[in-house]
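[1] return atomic coordinates for the entry below.
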Amino acid sequence: MQDAEAHPGAVIHPTAEVSPRAQIGAGTRVWHQVQIREGARIGGNCILGKGTYVDFDVQVGDNCKIQNGVFLYHGATVEDGVFLGPGVILTNDRLPRAITPAGALKGNEDWQVGRILIRYGAALGAGAIVLPGVTVGRWALVGAGAVVTRDVPDHGIVVGNPARVVGYACRCGTRMLAGSEQGSLRCPACGWGYRIE
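    Next up, the predicted model:
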């Protein structure tokens with residue numbers, strides 16, 4: 001059940017379930033059938049599309065665009081300015097099992113949460129899946145349908161299953177080309193330069 005009084009300055013659709021113990025920043029819009037659990041913190045001026053699930057204690061920065069059907073599980077941190085395309089999943093269990101070795105249903109004490117960090121300005125395409133223990137770097141670009149099993153460098157463009165680096169993206173989103181010096185890159189669209197360290 002949504003509680004607009006608990007989240008002043010946010011726009012919350014009547015069908016959304018937002019815990020009064022979640023923090024929602026001013027100007028954030030929470031659309032149809034979104035669920036945001038207790039302890040989650042969503043920054044200001046974000047958009048959460050239809051059917052998005054934000055698990056307990058998940059952290060989302062300011063100015064993020066989270067498209068329809070995105071699942072952000074406990075252990076995920078999303079910095080400012082991140083784009084998550086439709087159907088993106090940030091997972092949290094590297095050793096998933098429903099039961100213990102003895103056959104009992106697993107409880108909270110039977111697993112260890114895996115952390116995921118999506119850094120400033122990164123963009124994840126539709127249907128991308130990120131496994132626990134991964135950091136996606138600043139301004140990185142994850143291709144649609146990619147399965148990210150290891151860290152992505154700043155500005156890295158990754159595609160495939162498992163995802164692999166195929167280039168580097170400018171802040172504007174354009175694929176950068178090799179510059180005149182060793183390890184330098186330049187954007188053909190806006191002219192911005194970058195050096196790989």
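
[2] how many residues are close by the spatially closest residue to residue 171 that is not a sequence neighbour?
    The shortest distance from residue 171 to any non-neighbouring residue, by CB to CB, 6 or more residues apart in numbering, is to residue 139 (5.3 Å). C-betas here are computed from N, CA, C, even on glycine. Applying other CB atoms under 10 Å, we find 21 other residues in the vicinity of residue 139.

[3] from residue 127, how far out is residue 139?
    21 Å (CB to CB, to the nearest Å).

[4] read off the pLDDT value for the residue of the chain positioned farthest from its centre.
    Distance from the C-alpha centroid of the chain, by CA atoms, centre = their mean, peaks at residue 102 (34.7 Å). Looking at residue 102, its pLDDT stands at 94.

[5] could you report the distance from it to residue 30?
    In this structure, residue 102 lies at 41 Å from residue 30, with CB to CB as the measure.

[6] surely residue 24 meets residue 11?
    No: using CB atoms under 8 Å, residue 24 and residue 11 do not qualify as a contacting pair, with a distance of 9.4 Å.

[7] quick one: common contacting residues for these two?
    In the contact map built from CB atoms under 8 Å, 6 or more residues apart in numbering, the residues linked to both residue 24 and residue 11 are residue 30.

[8] okay, the two: which has more neighbours?
    Neighbour count, other CB under 10 Å: between residue 24 and residue 11, residue 24 has more, with 30 against 15.

[9] tell me the contacts of the more buried one?
    Contacts of residue 24 (CB under 8 Å, 6+ apart): 7, 10, 12, 18, 30, 36, 42.

[10] now do 7 Å
    7, 10, 18, 30, 42 (CB atoms under 7 Å, 6 or more residues apart in numbering).

[11] is the closest residue to the second one other than its chain neighbours bridged to anything, and to what?
    Across the structure, with CB to CB, 6+ apart as the measure, the residue nearest residue 10 apart from its sequence neighbours is residue 24 (4.1 Å). When bridges are assigned using DSSP bridges, the partners listed for residue 24 are residue 42.

[12] from residue 7, how far off is residue 24?
    Using CB to CB, we find residue 24 at a distance of 4 Å from residue 7.

[13] list the residues that contact both of these two?
    By CB under 7 Å, 6+ apart, the residues touching both residue 24 and residue 7 are residue 18.

[14] count the residues that sit near residue 23.
    Counted with other CB under 10 Å, the burial measure for residue 23 works out to 17 neighbours.

[15] so what's residue 49 up against?
    Listed by CB under 7 Å, 6+ apart, the contact partners of residue 49 are 31, 66-68.

[16] how about the nearest residue to it once chain neighbours are set aside, phi and psi?
    Excluding the flanking residues, the one nearest residue 49 by CB to CB, 6+ apart is residue 68, at 3.9 Å. Its backbone dihedrals place residue 68 at phi -60, psi 140, with angles given as degrees, to the nearest 10.
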